[in-house]
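need a 3D model of the following:
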Amino acid sequence: MNIAEIIRNTTKPLFSFEVLPPLKGTSIESIYRTIDPLLEFNPQFINITTHCEQYDSTGKRTRKRPGTVAVAAAIKHKYNIPVVPHILCGGFTREETEYVLIDLNFLEIHNLLVLRGDGRNKEHYQPEDGGNRYAVDLLHQVNDMNQGKYLSDENPNTSVKTSFYCGVAGYPEKHYSATSLDEDIKNLKAKVDAGAQYIVTQMFFDNEKYYEFVKKCRAIGITVPIIPGLKPIGFKTQVDVLPKIFACHLPEELEKNLRQCKTDADAARVGTAWSIQQAKELIKFGVPSLHWFTYSDPSQVVEIAKAVY
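Numbering: from 1, shown residues only. The predicted structure follows:
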C-alpha cells in the first residue's frame, strides 16, 4: 500500500519515523536497535535517508553512510513495515538514479521520498553532470519509468512499467536557497502537480510556522496531506546547530530554556517536554500523521510517543 493510501485509510494521526543508514564498517544491528523500541507505537512507515559521496581531506571521494537500498530491503523483510527510501538529485547522475530505482522495483519497494538534496557542496549547490537539478526533474524521471520509459531505452515497447509512489519535502520556514516562502510554495506546487502524493516537512519548533505554511499551501491549490516532521532537541549544542543547519527558528521560550541548561540531560528534558506539547497541539489541529527524525537514537521519541499516542 502506498503512503497516501495509508493516510487516507486512517481515522487517527499516524506514527512514522526516519533512520540513518549505518556508518560504513558498522553493523545493521544499530538500525534494528533504533527500530525495536518504537514498534509498540505501530509505525505505519519508516524512512531511510540517503547520503551522497563527499570529498575527504585528501580529496578522495567517499560515502560515509552507504546502503540505503539494502537497509530498506532488510527493514521490509524483518518487520513487514512499508519503507520509504530517500532518492536524491544532488550527488547522483540520472543513470545512477535509474539503477537505484530498478533495484528498488526488483525488491518491490515502491514508496519514495524524492528530494533535491545538497549535493557535495551545500553552500553552492550544483547537480552532477548528467544529474537531475531539482526534485521536480527527478519526479519526471520516476514518472517516465512508471510509464516504461527508461534512459537510452533500446526496447521501449517491452520495458517494464515501475509502480513508484512519491512524497516530497516541504519547508514551513522556506528552503534555505529560496528567496521567499511564497516562491518556495510555488515550487512545492510544481512538485505536487508532477505527481507527489504527500508532503513531509522539515523540522520546525514553532507550530504557528506549520499552520501558516499549511494555510498558504491550501490557498495555492495544494491538497495532498502535509505531514509535520519533528525533531526532539537532545543536546545543549543543538540550540545553535539545528537553526544553522536546517534553517529553522527556535521560539524565544524554547531557546531561553535551553540556554539555561547545564548538561545535555537537562537539554534533553527541555526538548522532550517541548516536543510532547508540540505534538499534542498538532494532533488537536488535525494533522494526518507525525513523522519523527530519530537520528538513530529512539529514546526521546519513545518517551514522547508514550505521552502522545
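
please enumerate the helices of the chain.
Using DSSP state H, the helices of the chain run over 3-8, 29-35, 68-79, 94-106, 135-146, 181-193, 207-219, 238-246, 252-259, 264-285, 299-308.

so which bits of the second one are buried?
So that's helix 29-35. Going by neighbour count (16 or more other CB atoms under 10 Å), the buried part of helix 29-35 is 31, 34-35. All C-beta spots, glycine's among them, are computed from the backbone N, C-alpha and C.

do the same with the first one
Neighbour-count burial for helix 3-8, with 16+ other CB under 10 Å as criterion, is recorded at 3-4, 6-7.

try the fifth one
Residues of helix 135-146 classed as buried: 135-139, 141-142, 145-146 (neighbour count, 16+ other CB under 10 Å).

for it, name the packing helices and strands.
Counting contacts by 3 or more CB pairs under 8 Å, 6 or more residues apart in numbering; DSSP states H and E, helix 135-146 packs against strand 83-88, helix 94-106, strand 111-115, strand 165-170, helix 181-193.

kindly format the C-alpha coordinates of the fourth one as PDB.
Extracted as PDB, the C-alpha positions of strand 165-170 are listed here (Å, rounded to 0.1, in the frame of the first residue of the first chain):
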ATOM      1  CA  TYR A 165       4.600   6.500  -5.400                       C
ATOM      2  CA  CYS A 166       6.400   9.600  -4.300                       C
ATOM      3  CA  GLY A 167       6.300  12.000  -1.400                       C
ATOM      4  CA  VAL A 168       8.300  15.300  -1.300                       C
ATOM      5  CA  ALA A 169       9.700  17.700   1.300                       C
ATOM      6  CA  GLY A 170       8.100  20.900   2.400                       C
END
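
circling back: now render the buried residues of helix 29-35 as JSON lines, adding distance to residue 112 and pLDDT.
Converted to JSON lines, those look like this (distance: CB to CB, whole Å; pLDDT from 0 to 100):
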{"residue": "31", "distance to residue 112": "19", "pLDDT": "95"}
{"residue": "34", "distance to residue 112": "21", "pLDDT": "96"}
{"residue": "35", "distance to residue 112": "20", "pLDDT": "98"}
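
that concludes my questions; thank you for your assistance.
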